[in-house]
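Visitor: dropping a prediction and its sequence here:
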Amino acid sequence: MANIQTGRKTNYRWVICAMLFFATTVNYLDRQVLSLTFEDFIRPEFHWTDSDYGDITGIFSLFYAVAMLFAGRFVDWLDTKKGYMWSIGIWSFGACIHAVCGIVTENMVGVENLALVDNAELVARIALISSTFFIIARCVLALGEAGNFPAAIKATAEYFPKRDRAFATSIFNAGSTIGALIAPFCIPPLAAKFGWEMAFIIIGALGFIWMGFWQFIYKKPEKNPKVNEAELAYILSDEVEQKPAKEETAAAKEPKTSLWSAFKYRQTWAFIVGKFMTDGVWWFFLFWMPSYLKTTYGLASTDIRFQLALGVLYLIVMISIAGGYLPTLFVDKKKMEPYSGRMLAMLIFAFFPLVALAAQPLAHISMWWPVVLIGIAGAAHQAWSANLFSTIGDMFPKSMIATVTGIGGMAGGIGSFLIQKSAGALFDYSDSVGMVLFGFEGKEAGYMIMFSFCAVAYLIGWIVMKVLVPKYSPIKL
């Protein structure tokens, strides 16, 4: 029980939110090292095609999807603190071991300078061996990263009442944007100065530092001496029956459910559809925009214009923080119940990605058109995602939150796998045959197809979610 008894309400929940923000920032920094070293450092050394890169990012997404199915259950089993520690420890290790992929490939093929090889058979072998080891490293990274959002969503549900969860989620979820924003300014310079291997090691080591802080900062709110009674009462304000702080919490008394039983609820399937349709869009922008800038405008990752372009894109995405507050306004001002307010906000956000339809048509005018329009679409995604995550807390008891989050993450990972694989194959195919579509030729035609799908995915997802769960319908165990 908190031992601060009286006075003004403490705000320790925002310290927890800050820790979740930093973890998510590190998560996305680790995820971005490959995409920002791919074109200028890794592709030339290992002779990768777009299909090779699509395979690596696609299998990462697929393995992430499978891991997400069990990560939520793992976090529910270990509980928030230990679950998060294990997750970030594994993904930080996975990030660091990318650095040995080149050395192992050199030893296996018996060549020191892989980039100078011009024998077609040996080039194909180098690409196959190196991509295989990168896939292994990415799978370790995915295994750990799969626990980030289930643990963060669970921590948010433990420290925030429903009315504030979308806002808190949008804040920690902004860490993904900050990570993506910082990445182009630090990763290519690190790779240029110390080698791409050290970029993986230095960025990967940040997670181990976070673990040291988490060990001492996180405790359950009812057991945290930094949380006073006023703040604890606010945190537990959703409970129908307020219990004394020294009693067991309602979440601890809820009956446990099996992983597979969660699939019998339409609410679970609504979350699955929302994640499946939209997660891959964000990952497509994350993994392929650096390559798009190189392919379309010839910008190297160390070029300040390249870094500014991605910086501006993710700076625009930062607008999404306000998106998490929109449902709170609907609840407080319009007196809507949380789920209805959240779905209305998500419908509004679903229209903004439509601007991506104009990204490729305007690309010939200036690179800033696709940068700004994709930035707007990305901001809409992050605002959508924050509210989508919060629908779990609206509908499910706390004992199921991490499990359902994991199931939805699995669906999002599968959707991303399909998009990544399709993109890599499409770009190689459109380039090799000189595909022409709406006046665009080669890879530009491929990007037009991908941007068009990304634009409409959210409206499709929202419609299906609304059909599955048309009104607020919480699950009672």
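Guide: That came through, no problem.

Visitor: following element in sequence after the helix-or-strand element of the chain with minimal mean pLDDT, please.
Guide: The least trusted helix or strand in the chain, going by mean pLDDT, DSSP states H and E, turns out to be helix 250-253, with a mean of 48. From helix 250-253 onward toward the C-terminus, using DSSP states H and E, the following helix or strand is helix 266-297.

Visitor: what packs against that next one?
Guide: Judged by 3 or more Cβ pairs under 8 Å, 6 or more residues apart in numbering; DSSP states H and E, the packing partners of helix 266-297 are helix 12-37, helix 50-78, helix 304-317, helix 368-395, helix 398-433, helix 443-468. Yep, even glycine has a C-beta here, placed from its N, CA and C like the rest.

Visitor: between those, which gets nearest to Gln360?
Guide: In terms of Cβ to Cβ, the element of the helices and strands packed on helix 266-297 nearest to Gln360 is helix 443-468, at 4.4 Å.

Visitor: tell me the angle of that closest one relative to helix 50-78?
Guide: 30 degrees (axes from the mean of the first three to the mean of the last three Cα atoms, to 10 degrees).

Visitor: where's the nearest residue to Leu310 once chain neighbours are set aside, which helix or strand?
Guide: Leaving aside its chain neighbours, Leu310 sits nearest to Pro184 (4.1 Å; criterion: Cβ to Cβ, 6 or more residues apart in numbering). Assessed by DSSP H and E, Pro184 sits inside helix 162-194.

Visitor: surely Leu206 and Tyr28 touch.
Guide: No: the pair Leu206 / Tyr28 is not scored as a contact, 11.3 Å apart, by Cβ atoms under 8 Å.

Visitor: how about the helix holding Pro184: buried residues?
Guide: 162-184, 186-188, 190-192 (16 or more other Cβ atoms under 10 Å).

Visitor: same thing with stretch 333-347?
Guide: Met336, Pro338, Tyr339, Ser340, Gly341, Arg342, Met343, Leu344, Ala345, Met346, Leu347.

Visitor: got the angle for the helix or strand hosting the last one vs helix 443-468?
Guide: Assigning secondary structure by DSSP H and E places Leu347 in helix 338-351. Regarding helix 338-351 and helix 443-468, their directions subtend 160 degrees when assessed with the same axes, to 10 degrees.

Visitor: tell me which of Leu206 and Tyr28 has more neighbours.
Guide: Tyr28 (21 against 18; other Cβ atoms under 10 Å).

Visitor: what distance do you get for that one to Ala445?
Guide: Tyr28 sits 30 Å away from Ala445, going by Cβ to Cβ, to the nearest Å.

Visitor: what's the most buried one of the helices and strands packed on helix 266-297?
Guide: helix 368-395 (a mean of 25; mean count of other Cβ atoms under 10 Å).

Visitor: what's the spacing between the most centrally placed residue in the chain and Leu232?
Guide: Closest to where the C-alpha atoms of the chain average out (Cα atoms, centre = their mean) is Ser176, at 6.3 Å. Look at Ser176 and Leu232: by Cβ to Cβ, they are 30 Å apart.

Visitor: next: Gly461.
Guide: As defined by Cβ to Cβ, Gly461 lies at a distance of 36 Å from Leu232.

Visitor: where in the stretch 1-150 of the chain is pLDDT low?
Guide: By pLDDT under 70, the weakly predicted segments of the stretch 1-150 of the chain are 1-7.

Visitor: cutoff 90 now
Guide: In the predicted model of the stretch 1-150 of the chain, residues 1-11, 13, 28, 31, 61-62, 64-81, 110-119, 145-150 satisfy pLDDT under 90.

Visitor: same question, the stretch 201-350 of the chain
Guide: 219-265, 286, 314, 317-345.

Visitor: confirm for me that Tyr159 is in contact with Cys17.
Guide: Yes: Tyr159 is within contact range of Cys17, at 7.4 Å (criterion: Cβ under 8 Å).

Visitor: give me the common contacts of the two.
Guide: Contact with both Tyr159 and Cys17 is made by residues Ala168, according to Cβ atoms under 8 Å, 6 or more residues apart in numbering.

Visitor: list the contacts of the helix holding Leu347.
Guide: With Cβ under 8 Å, 6+ apart, helix 338-351 has contacts from 162-163, 166, 323, 326-331, 334, 336, 380, 383-384, 387-388, 390-391, 394-395, 458-459, 461-462, 465-466, 471-472.

Visitor: repeat that for 7 Å
Guide: Contacting residues not belonging to helix 338-351 are listed as 162-163, 166, 323, 326-327, 330-331, 380, 383-384, 387-388, 390-391, 394, 458-459, 462, 466, 472 [Cβ atoms under 7 Å, 6 or more residues apart in numbering].

Visitor: what of stretch 364-382?
Guide: Identification of contacts with stretch 364-382 by Cβ under 7 Å, 6+ apart yields 173, 177, 278, 281-282, 285, 289, 293, 297, 309, 312-313, 316-317, 319-320, 323, 349, 352-353, 355-356, 358-360, 362-363, 454.

Visitor: before we move on, the earlier item: just confirm the residue nearest to Leu310 contacts Gln307, I think it does.
Guide: Yes: counting by Cβ atoms under 7 Å, Pro184 touches Gln307, with 4.5 Å between them.

Visitor: now Val75: closest residue in space that isn't a chain neighbour?
Guide: Using Cβ to Cβ, 6+ apart, the nearest residue to Val75 is Gly83, at 3.5 Å.

Visitor: list the helices and strands the host helix or strand of that neighbour packs on?
Guide: Assigned by DSSP H and E, Gly83 falls within helix 80-97. Helix 80-97 sits against helix 12-37, helix 50-78, helix 120-145, helix 148-159, helix 196-217, with contacts defined as 3 or more Cβ pairs under 7 Å, 6 or more residues apart in numbering; DSSP states H and E.

Visitor: how far out from the middle of the chain is the third one?
Guide: In terms of Cα atoms, centre = their mean, to the nearest Å, the centre of helix 120-145 is set 22 Å apart from its chain centre.

Visitor: show me what counts as buried in that helix.
Guide: For helix 120-145, burial by neighbour count (16+ other Cβ under 10 Å) applies to 125-127, 129-131, 133-145.
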